[in-house]
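Undergrad: Here is the input, now give the coordinates:
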Amino acid sequence: MNKKGVLQVAIVLVIAIFMFKALTPFITGSEKAFIVLSGSMTPLMLPGDIIVVKSVDLNELTVGDILTFRDPGGKPNTYVTHRIIALKKDKEPIFKTKGDANNAEDNFNVTASKAVGQMVFVIPFVGYLPTMVKNKNVFLFMIILPASLIILGEIWNIILYSSPQHARKIERERRKTAKRTSYEVKGKKLIALILINGLIFTGIITQSLGENGPVILEKENTVENSEFLSMVYVFTPEDSKQTLEIDRWYGVISQNNETQVIASENTPAKLNTVPYILPVFWILELTKVNPYLPVAAEIVVYASIFTLILLPIWYRKSTIGRRRKRIRFYRMFAQWKRTLRFLNF
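TA: Okay, the predicted model is just below:
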């Protein structure tokens with residue numbers, strides 16, 4: 001096996017291992033996926049998002065964790081995902097919950113028998129796909145037409161290969177083309193595009209940053225966004241137990257707007273603000289690790305996306321036969337020019 005074959009096998013194995021690890025929890029039932037239908041937890045998760053819920057030891061859950069549980073009214077196949085604001089540990093834990101976007105806490109307690117697990121991840125907008133497929137026009141253009149084209153292509157291949165002589169001729173041509181074809185990564189262009197995109201998005205994102213750093217919260221606090229992009233803000237108090245005591249401790253502010261944050265007077269905290277170009281859940285989780293990570297992640301994600309969009313610039317397919325034809329054409333053209341000059345003299 002040549003180097004190219006070894007590389008292809010290695011890539012397939014890596015993808016297979018990754019997919020196996022990613023899908024195993026869903027197959028075994030230790031993780032489940034749910035589509036968000038309401039806005040009770042906005043902006044952390046929006047209607048149409050998919051959330052991943054992991055089975056955990058309920059005794060390990062704490063105030064501030066996000067719990068998914070069965071509908072307290074007993075409605076079948078209906079689940080609620082809200083934040084734990086209080087808990088009582090007896091023989092089994094009992095949770096008090098509240099939606100981040102709701103003004104009042106839930107008027108019921110969640111028992112262990114109703115609990116499903118802890119929300120651990122958010123995938124934005126993917127939940128719209130099942131709804132979109134139900135639309136007749138979307139179903140026609142996204143499924144029926146592509147499937148029809150694939151079927152027609154296969155029928156055409158069957159017709160072409162129905163004659164053994166014709167089939168052998170096609171295969172010979174394909175083998176010749178495969179031998180002459182090579183794929184080339186333009187390393188210098190790729191590096192240049194990565195640097196340019198990185199600099200562009202670094203400028204856009206850093207220019208759109210609001211106030212960042214340590215603050216002392218008063219009873220009433222105003223967070224302003226005077227930039228041209230919507231902004232996500234996060235208050236992280238020095239004592240993490242005080243997080244839920246801050247009303248609107250995180251949120252999204254549209255451009256040229258402001259919001260009021262209520263807290264206990266003289267509460268020391270850190271304020272982080274970043275442009276709203278990643279899901280809020282991702283920003284909050286990255287902020288827990290390091291306050292600078294959301295900014296770095298936004299730069300890397302969008303610079304990578306635009307570099308991939310510009311793939312034809314730095315990744316090219318070339319055929320040796322075509323190159324030879326071009327060289328012959330240029331030589332003939334040069335000979336014609338010399339002949340014309342000679343005739344003019």
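Undergrad: Which strand in the protein has the most residues?
TA: When the chain is parsed with DSSP state E, its longest strand is strand 79-89.
Undergrad: helices or strands up against that strand?
TA: Judged by 3 or more Cβ pairs under 8 Å, 6 or more residues apart in numbering; DSSP states H and E, strand 79-89 is in contact with strand 66-70, strand 93-98. Placement of C-beta: from N, CA and C, glycine included.
Undergrad: looking at those, which is buried most?
TA: Mean neighbour count (mean count of other Cβ atoms under 10 Å) peaks for strand 66-70 among the helices and strands packed on strand 79-89, with a mean of 21.
Undergrad: quick one: the helices in the stretch 151-300 of the chain?
TA: 164-180, 187-207, 280-289, 293-309 (DSSP state H, counting those that start in this stretch).
Undergrad: What pairs with the longest strand of the chain, parallel or antiparallel?
TA: Looking at strand 79-89 with DSSP bridges, its partner strands are strand 66-70 (antiparallel), strand 93-98 (antiparallel).
Undergrad: Enumerate the positions of it that are buried.
TA: Neighbour counts over strand 79-89 (16 or more other Cβ atoms under 10 Å) mark 79-84, 87 as buried.
Undergrad: same thing with stretch 225-243?
TA: For stretch 225-243, a neighbour-count test (16+ other Cβ under 10 Å) marks 225, 227, 229-237, 242-243 as buried.
Undergrad: Off-centre distance for that stretch?
TA: Computed by Cα atoms, centre = their mean, to the nearest Å, the separation of stretch 225-243 from the middle of its chain amounts to 22 Å.
Undergrad: Could you do stretch 281-295 as well?
TA: Centre-to-centre, stretch 281-295 and its host chain are 15 Å apart (Cα atoms, centre = their mean).
Undergrad: tell me the mean pLDDT over it?
TA: Averaging pLDDT along stretch 281-295 yields 94.
Undergrad: Can you list the neighbours in contact with it?
TA: 44-45, 121-122, 205-206, 209, 212, 232, 234, 236, 250, 270, 272, 274, 278, 297 (Cβ atoms under 8 Å, 6 or more residues apart in numbering).
Undergrad: Buried ones only from the residues you listed, please, as a ChimeraX command.
TA: Command for ChimeraX, covering only those of the contacts of stretch 281-295 found buried under the criterion 16+ other Cβ under 10 Å:
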select :44,45,122,205,232,234,236,250,272,274,278,297
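Undergrad: before we move on, back to that, go through the helices of the stretch 151-300 of the chain and name the closest to residue 110.
TA: Minimum separation from residue 110 across the helices of the stretch 151-300 of the chain (Cβ to Cβ) falls at helix 280-289, 20.8 Å.
Undergrad: tell me which residues of that closest one are tucked away?
TA: If you call a residue buried by 16+ other Cβ under 10 Å, then helix 280-289 has these buried ones: 280-284, 286-287.
Undergrad: okay if I get those residues as TSV plus distance to residue 174?
TA: Listed next are these as TSV, based on distance: Cβ to Cβ, whole Å:
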residue	distance to residue 174
280	50
281	48
282	45
283	49
284	52
286	48
287	53
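Undergrad: quick one: which of the residues you listed is nearest to residue 167?
TA: Ranked by distance to residue 167 (Cβ to Cβ), these are led by residue 282 at 51.4 Å.
Undergrad: Next one: the closest one relative to residue 43, how far apart?
TA: 12 Å (Cβ to Cβ, to the nearest Å).
Undergrad: what about residue 44, is that helix, strand or coil?
TA: coil (DSSP: H, G, I helix; E, B strand; the rest coil).
Undergrad: list the contacts for it?
TA: With contact set as Cβ under 8 Å, 6+ apart, residue 44 has these partners: 66, 100, 122, 250, 280-281, 284.
Undergrad: make it 7 Å
TA: Applying Cβ atoms under 7 Å, 6 or more residues apart in numbering to residue 44 gives the contacts 100, 280-281.
Undergrad: what does residue 307 give?
TA: By Cβ under 7 Å, 6+ apart, the contact list for residue 307 reads 193-194, 197.
Undergrad: Can you flag the buried ones in these?
TA: Neighbour-count burial (16+ other Cβ under 10 Å) is assigned, among those, to 193, 197.
Undergrad: distance between the ends of stretch 98-105?
TA: For stretch 98-105, the first-to-last residue distance is 4 Å (Cα to Cα, to the nearest Å).
Undergrad: would you list the helices of the stretch 151-300 of the chain in CSV and tack on distance to residue 254?
TA: CSV is the format used below for the helices of the stretch 151-300 of the chain (distance: least, Cβ to Cβ, whole Å):
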stretch, distance to residue 254
helix 164-180, 54
helix 187-207, 17
helix 280-289, 14
helix 293-309, 18
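Undergrad: now residue 263: how far from residue 159?
TA: Counting by Cβ to Cβ, the gap from residue 263 to residue 159 is 73 Å.
Undergrad: Tell me which of these two has more neighbours.
TA: A direct count of neighbours by other Cβ atoms under 10 Å for residue 263 and residue 159 places residue 263 higher, at 21 against 10.
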